[in-house]
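Asker: after the sequence you'll find the predicted model.
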Amino acid sequence: MKEQIKKNFTYHPPKEGQTEKFVDIRNEALQFANLIDGSCPNSREKSLALTKLEEAVFWANASIARN
């Protein structure tokens, strides 16, 4: 568990090829966010959908950075 805690709370500088993956994920998420924004009425649900998309991008990028 201590190794996992250390891994989770330590900075991981990008390795070769990772930056492109981060950008690809963010670009795809941006397209999806725009689809949600244009398709869904302003509401709590829309806000949550966009928040969860942000979280998905965060966790996807963390997966790349940490592993």
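Answerer: Right, received. Where do you want to start?
Asker: count the neighbours of residue 53 for me.
Answerer: 15 (other Cβ atoms under 10 Å). Placement of C-beta: from N, CA and C, glycine included.
Asker: what's near enough to touch it?
Answerer: 29, 32-33, 36 (Cβ atoms under 8 Å, 6 or more residues apart in numbering).
Asker: residues near residue 10, how many?
Answerer: Residue 10: 8 neighbours (other Cβ under 10 Å).
Asker: tell me the SS of it?
Answerer: Using DSSP: H, G, I helix; E, B strand; the rest coil, the three-state assignment for residue 10 comes out as coil.
Asker: one more: the one 3 residues further on?
Answerer: Taking three-state DSSP as the rule, one finds residue 13 in the coil state.
Asker: any weak-confidence spans in the chain?
Answerer: Within the chain, not a single segment meets pLDDT under 70.
Asker: now do the helices in it.
Answerer: 2-8, 18-39, 44-66 (DSSP state H).
Asker: could I get the first one in CSV with only the CA atoms?
Answerer: Going back to what we said before, that points to helix 2-8. What follows is helix 2-8, C-alpha atoms only, in CSV (Å, rounded to 0.1, in the frame of the first residue of the first chain):
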residue,chain,number,x,y,z
LYS,A,2,2.8,2.4,0.8
GLU,A,3,4.2,2.1,-2.8
GLN,A,4,0.7,2.8,-4.2
ILE,A,5,0.4,5.9,-2.0
LYS,A,6,3.8,7.1,-3.0
LYS,A,7,2.9,6.5,-6.7
ASN,A,8,-0.4,8.4,-6.4
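Asker: which elements pack onto that helix?
Answerer: If contacts are counted by 3 or more Cβ pairs under 8 Å, 6 or more residues apart in numbering; DSSP states H and E, helix 2-8 sits against no helix or strand.
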